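In: Got a predicted structure plus its sequence, pasted below:
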Amino acid sequence: MNRPPVWIEVKIQGERGGCRLWLPLFLLLPLALVVFIILSPLILIAVIILWPSGWGRWALSVLRAAYNILCALRGLKVDIQGRRETVYINIL
Amino acid sequence: MSENRKKILEMLAENKISVDDAYRLLNTIESAEGGRESAPKKATTVKDKPKYLRVTIFPDPEHEKNQDVDRVNVRVPMSLLRAGIKLSSLIPTDARDKVNGALKEKGIDFNTRNMKPEDIEELIESLSELEVDIVSAKGEKVKVFVE
């Protein structure tokens, strides 16, 4: 079973400054799930309306593909230390 | 001693075959058994499914002291490559036809519709043998490999 990542760490440092971001996805994803459940009746209605034209199936495929890509991001690591910029992305 | 070898020696003892024939038959059996023995060994040495595509660029240790160098270490999960390739199935037909047409104009006769999950797996498994190792004139070491 595909599991989504639990943590995202992003550090970008340039000449003009930088930013640091820690996202505990294991806390955010349950919130996103709750929002999705709340919006699910609207999503379902939209899918039913779009189904005859074929876009409904496409919309469901996109949702599934987006989830698969999110799960596939686990293990992605980018560590670039340039002369002027530093980029660090780690998804656990 | 294998059954086949025993039979050959029995036939030689009973003068049913000559010494040359027995020698030839034994050699044939040995080469056949040797091939069978190496096959399981080959299976155990087959690499596990590749999990990550790695790209690393490290500077020459002498230049590293200057701190005026680039350093790259990228690890991309193979599952991301699979998911990305599977995304091609979501491309609308009109856009896909345009992509195929543009590829054909460049001389690449490739139809994105023909990509199947088995082909993706075969492509990813063949990547397990990929290894690129370059040392530039500045001493930078560029490596692309799969682990």
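Out: That came in fine, so what should we check first? Since the model is a prediction, treat every value here as computed from it, not as a measurement.
In: What's opposite A:Val87 in the beta bridge?
Out: A:Ile12, A:Ile80 (DSSP bridges).
In: where's the residue nearest the centre of chain B, which helix or strand?
Out: For chain B, the residue sitting closest to the mean C-alpha position, by CA atoms, centre = their mean, is B:Ser126 at 3.5 Å. Secondary structure from DSSP states H and E places B:Ser126 in helix B:117-126.
In: In contact with B:Asn114: list those residues for me.
Out: By CB atoms under 8 Å, 6 or more residues apart in numbering or on different chains, no residues touch B:Asn114. (C-beta placed from N, C-alpha, C; glycine too.)
In: A:Gly18 now?
Out: Counting by CB under 8 Å, 6+ apart, A:Gly18 touches A:11-12, A:86.
In: Low-confidence ranges, chain B, go.
Out: The model of chain B has pLDDT under 70 over residues B:1, B:33-48, B:62-68, B:112-113, B:115, B:117.
In: Show me which residues of it are close to chain A?
Out: Chain B comes close to chain A at residues B:51-52, B:68-77, B:79-80, B:82-84, B:86-87, B:89-90, B:92, as judged by CB under 8 Å from any CB of the partner chain.
In: Now intersect these with the strands, please.
Out: Cross-referencing these against strands under DSSP state E gives B:52, B:71-77.
In: okay, now the residue nearest to A:Leu76 when sequence neighbours are not counted: neighbour count?
Out: Residue nearest to A:Leu76 in three dimensions, not counting chain neighbours: A:Ile91, with 4.6 Å by CB to CB, 6 or more residues apart in numbering or on different chains. By the criterion of other CB atoms under 10 Å in any protein chain shown, A:Ile91 has 22 neighbours.
In: what about A:Ile91, distance to A:Leu33?
Out: Between A:Ile91 and A:Leu33 the computed distance is 19 Å (CB to CB, to the nearest Å).
In: Next: B:Glu140.
Out: For B:Glu140 relative to A:Leu33 (CB to CB), the value is 45 Å.
In: So which of those two has more stuff around it?
Out: Neighbour count, other CB under 10 Å: between B:Glu140 and A:Leu33, B:Glu140 has more, with 17 against 10.
In: May I ask you to confirm that the more buried one is in contact with B:Pro59?
Out: Yes. With contacts counted by CB atoms under 8 Å, B:Glu140 reaches B:Pro59, the gap being 5.3 Å.
In: Touching both of these two, which residues are there?
Out: Common neighbours of B:Glu140 and B:Pro59, counting by CB under 8 Å, 6+ apart, are B:69-70.
In: so what pLDDT did the residue lying closest to A:Arg3 once chain neighbours are set aside get?
Out: Leaving aside its chain neighbours, A:Arg3 sits nearest to A:Cys71 (6.2 Å; criterion: CB to CB, 6+ apart). The model reports A:Cys71 with a pLDDT of 90.
In: Tell me if A:Cys71 really is in a strand.
Out: No. Secondary structure of A:Cys71 (DSSP: H, G, I helix; E, B strand; the rest coil): helix, not part of a strand.
In: quick one, what contacts it?
Out: Counting by CB under 8 Å, 6+ apart, A:Cys71 has contacts A:2-5, B:79, B:83.
In: What distance do you get for it to B:Glu147?
Out: Counting by CB to CB, the gap from A:Cys71 to B:Glu147 is 20 Å.
In: and if you look at B:Asp20?
Out: 53 Å.
In: Compare these two (neighbour count), which wins?
Out: Neighbour totals were compared for B:Asp20 and B:Glu147, and B:Glu147 leads with 12 against 8 (other CB under 10 Å).
In: I'd say that one and B:Val55 touch.
Out: No. Assessed by CB under 8 Å, B:Glu147 is found out of contact with B:Val55, at 11.6 Å.
In: Enumerate every residue touching B:Asn111.
Out: Counting by CB under 8 Å, 6+ apart, B:Asn111 touches B:Asn100.
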